[in-house]
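1. curious how this folds, go ahead:
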Amino acid sequence: MKLREVLATNLKHFRLAAGLSQEELAHRAHLDRTYVSSLERGRYSASIDKIESLIAPSVSSRRAMVERKRFSAWTLVATGLNSGGCA
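-> I've put the predicted structure just below:
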């Protein structure tokens with residue numbers, strides 16, 4: 001799994017865990033919602049500055065955003081991570 005895919009999966013996971021919509025996360029990070037959507041689908045790669053702005057509203061640890069994780073099948077289904085994209 002490429003780092004872009006790891007970021008896409010983790011971004012969506014942490015956003016949903018924080019109870020944020022793409023629009024709310026984008027607003028808090030001062031980004032466009034379509035940019036957040038593209039990141040979550042692995043369409044774009046983000047700069048370090050963009051990653052940092054996304055981490056603050058959704059993740060307590062910077063390291064967590066780029067760690068490769070193995071999510072259970074239930075987590076993938078419950079969060080919608082198995083419905084296309086990079087998951």
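2. grab the longest helix from this structure for me.
-> helix 3-17 (DSSP state H).
3. state the next helix or strand along the chain beyond it.
-> On the C-terminal side of helix 3-17, the closest following helix or strand by DSSP states H and E is helix 22-29.
4. quick one: contacts of the following helix or strand past that next one?
-> Following helix 22-29 in sequence order, the next helix or strand is helix 33-40 (DSSP H and E). Contact with helix 33-40 is made by 7-8, 11-12, 15, 22-23, 25-26, 29, 44, 46, 50, 54, 85, as judged by C-beta atoms under 8 Å, 6 or more residues apart in numbering. To be clear about C-beta, it is placed using only N, CA and C from the backbone, and glycine gets the same treatment.
5. for this protein, give me the ranges with low pLDDT.
-> The chain contains residues with pLDDT under 70 at 56-87.
6. can you rerun that using 80?
-> Along the chain, the parts satisfying pLDDT under 80 run over 1, 55-87.
7. thinking again about what came up before, can you name every helix or strand that the longest helix of the chain contacts?
-> If you count contacts as 3 or more C-beta pairs under 8 Å, 6 or more residues apart in numbering; DSSP states H and E, helix 3-17 packs onto helix 33-40, helix 48-58, helix 62-66, helix 73-79.
8. and it, what's buried?
-> For helix 3-17, burial by neighbour count (16 or more other C-beta atoms under 10 Å) applies to 6-16.
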